[in-house]
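Participant: Compute the structure for the input listed below.
(one chain, ligands or ions: 1)
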Amino acid sequence: MNKKVRVRFAPSPTGGLHLGGVRTVLFNYLFAKQQGGDFIVRIEDTDQTRFVEGAEEYIFNTLKWCGLHPDESPLHGGPFAPYRQSERKASYRQFAEQLVEAGYAYYAFDTPDELDQMRFNHKTAENPSPQYNHALRVHMRNSLTLPAEEVKDLLAAGTPYVIRIKMPLNETVSFTDMIRGEVVFHTDQVDDKVLLKADGMPTYHLAVVVDDYAMKISHAFRGEEWLPSAPVHILLWKYLGWENEMPQWAHLPLILKPDGNGKLSKRDGDRLGFPVFAMDWTDPKTGEKTIGFKERGFLPQAFINLLALLGWNDGSDNEIFTLDELVNKFSMDRVHKGGAKFDFEKAKWYNHEWIKRLPAADLSSHVLAVLAEQDIVVNNEALLYKVIDLVKERCTLLPDFVQQASFFFKEPVHFDTDSLKPKWDDIKKLFFIELAMGLELSKEMAAADLEKEFKELAAAHQLKPGDLMLPFRIMLVGGKFGPGVFDIATTIGKEATAARIRHVLSLL
Ligand code: GLU
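Facilitator: You can find the predicted model right below:
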């Protein structure tokens, strides 16, 4: 019988969430929803030295913003609670002890100084950082090298120890990755990883296996950087007697720097001027702030869409997908093996496409938020929707709405009169005086009618309408931007249009 699909995202709360991390969430989520399964978030916080205040809350806020809601998590609860590994501490030791008894693991009593000494003594040009492995464990103080009596005494005396896996010699370990196919490892190349630390906490390696088993995880999708750990995990599944319950694995390709040269890091973002984190993150220790995609003005729909296409496609040229479409179309066997280059210009293209596609009603809360940051208050919803529809084609990131839309709600403060002065003359001035007067005396009109009147008035002054457009635009919006001038004028209304014309005339 097929197991119920249960996948997990298992972040360590150590800082802001990199876009690669969110893509891991997304692929887990898409797979789970497509298969009618459960999406679990488990917080892997066993490394207390790396714990960062606020990081867990940040992770859940990010998932919320992205619309990727967990079925089970420390926040949402569930039948396998607790979902925070630090709260499951008591459940791991028995398995580490069981492994020692069966001869698959051993106690190691080496002090930090002894470990340093070992690294120093065995360092060679070919092996600059020697590891605790099958070759070196015979030189160390552990339950493999010490007499049984001494081990017993050390334990009884409360001597600090860790439990390490005993990697077998000359074996191969293999598994079938859903993306990479058959992957083979040689056990000689893997060190004797610590499973249980001196403070009684498990390491990631033990905890991830124990919890994936306990939580009945059917598929484990994680970043490619975890591939080297897979042989340790496979052996643990086997040694603990759970081999038949082992999840199917997929190791997702890395997200690469724009030039393809290595993994994309937060520092690349800082250097090249684009976000790498999902949302703003402030490091509580250094106070350093890192801008996120959300605050840079990305829509969650666009962010999800662009992440899905980093390493996956549906086999067609289609690049725009809603979350529901992704749930339908996603398949692990169309995920590429190779890394996916991140291209910020392409990321912006997705956002622009989404801004164009979404109806004004769906964009309005985002637009209100960016306008509110500039102290622009909007209390006419119909006007807001109209403005959004008029300008959204011109907006790539949400803050672009500030330039493209604020002048509909608030008179501009700065007018680029310098761009007007070189070609300004008395005939043009007269034209605009008459235009303002005409507007004040007329009724409100449609954009096409205003355009007609404008052209007739220009003809009467023997002026080319084309020479009057830029001055008119600068009078209405302050600079060389915005949608069609007649649309702007009729949207702000004749009174405001006339007032802005008169104001700029007074400046010239
Ligand atoms: N805690 C690991 C991380 O921080 C999880 C890796 C896995 O999914 O096995 O990414």
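Participant: for the residue in the stretch 151-300 of the chain positioned nearest to the ligand, phi and psi?
Facilitator: Residue of the stretch 151-300 of the chain nearest the ligand, by CB to the nearest ligand atom: Arg222 (3.4 Å). Every C-beta, even on glycine, is put in place using the N, C-alpha and C of the backbone. With angles defined as degrees, to the nearest 10, Arg222 sits at phi -150, psi 170.
Participant: my read: it touches His251, true?
Facilitator: Yes: Arg222 is within contact range of His251, at 6.4 Å (criterion: CB atoms under 8 Å).
Participant: Asp467: which element?
Facilitator: Element membership for Asp467, per DSSP states H and E: helix 465-477.
Participant: Give me the contacts around that helix.
Facilitator: For helix 465-477, the surrounding residues in contact (CB atoms under 8 Å, 6 or more residues apart in numbering) are 407, 412, 415-417, 419-420, 423-424, 428, 431-432, 454-455, 458, 479-480, 482, 485, 488-489, 492, 497, 500-501, 503-504.
Participant: ChimeraX command to pick out the buried ones of those residues?
Facilitator: Filtering those down to the buried ones (16 or more other CB atoms under 10 Å) takes a single ChimeraX command:
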select :407,412,415,416,420,428,431,432,454,458,482,485,488,489,492,497,500,501,504
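Participant: among the contacts of helix 465-477, which are in helices?
Facilitator: Those of the contacts of helix 465-477 mapping onto helices are 428, 431-432, 454-455, 458, 485, 488-489, 492, 497, 500-501, 503-504, per DSSP state H.
Participant: got the residues of the stretch 151-300 of the chain near the ligand?
Facilitator: Applying CB under 6 Å from any ligand atom, one finds that the stretch 151-300 of the chain approaches the ligand through Tyr204, Val208, Arg222, Trp226.
Participant: go again using 5 Å as the cut-off
Facilitator: Within the stretch 151-300 of the chain, the positions lying close to the ligand (CB under 5 Å from any ligand atom) are Val208, Arg222.
Participant: just the strands in the stretch 151-300 of the chain please.
Facilitator: Counting by DSSP state E, counting those that start in this stretch, one finds strands in the stretch 151-300 of the chain at the ranges 162-165, 172-177, 181-186, 194-196, 219-223, 248-252, 255-256, 281-282, 289-290.
Participant: out of those, nearest to Gly37?
Facilitator: Nearest to Gly37 among the strands of the stretch 151-300 of the chain is strand 219-223 (8.2 Å), distances taken as CB to CB.
Participant: buried set for stretch 6-16?
Facilitator: By neighbour count on 16+ other CB under 10 Å, the buried set for stretch 6-16 is Arg6, Val7, Arg8, Phe9, Ala10, Pro11, Ser12, Pro13, Gly15, Gly16.
Participant: Likewise for stretch 438-447?
Facilitator: Per 16+ other CB under 10 Å, stretch 438-447 contains these buried residues: Leu439, Met445.
Participant: got the contact list for it?
Facilitator: Residues outside stretch 438-447 that contact it (CB under 8 Å, 6+ apart): 453, 457, 484, 486-487, 489-490, 493-495, 497-498, 501.
Participant: which of these count as buried?
Facilitator: By 16+ other CB under 10 Å, those give Leu457, Phe486, Asp487, Ala489, Thr490, Lys494, Thr497, Ala498, Ile501 as buried.
Participant: Who's the closest spatial neighbour of the second one, skipping the chain neighbours?
Facilitator: In this case it means Phe486. Nearest non-adjacent residue to Phe486, counting by CB to CB, 6 or more residues apart in numbering: Ala447, 4.0 Å away.
Participant: Check the spacing between that neighbour and the ligand real quick.
Facilitator: For Ala447, the distance to the ligand (CB to the nearest ligand atom, to the nearest Å) stands at 55 Å.
Participant: per-residue confidence at that residue?
Facilitator: Here the pLDDT value assigned to Ala447 is 96.
Participant: how about the residue in the stretch 301-450 of the chain that the ligand sits nearest to, what does it touch?
Facilitator: Proximity of the stretch 301-450 of the chain to the ligand (CB to the nearest ligand atom) peaks at Met332, 15.1 Å away. Counting by CB under 8 Å, 6+ apart, Met332 touches Phe27, Phe31, Met178, Ile179, Phe221, Ala250.
Participant: Pull the number of nearby residues for the fifth one.
Facilitator: What it means is Phe221. 26 (other CB atoms under 10 Å).
Participant: from memory it sits against Pro253, does it?
Facilitator: No: taking CB under 8 Å as the definition, Phe221 is not a contact partner of Pro253, at 11.5 Å.
Participant: and the gap between Trp424 and Leu470?
Facilitator: Noted for Trp424: a distance of 11 Å to Leu470, by CB to CB, to the nearest Å.
Participant: cool, and Ala230?
Facilitator: Remark: distance between Ala230 and Leu470 (CB to CB) = 63 Å.
Participant: Thought Leu326 was touching Leu30, still the case?
Facilitator: Yes: in this structure, Leu30 is within contact of Leu326 by CB under 8 Å, at 5.4 Å.
Participant: residues shared between the contacts of the two?
Facilitator: Here Leu30 and Leu326 have Ala308 as joint contacts, going by CB under 8 Å, 6+ apart.
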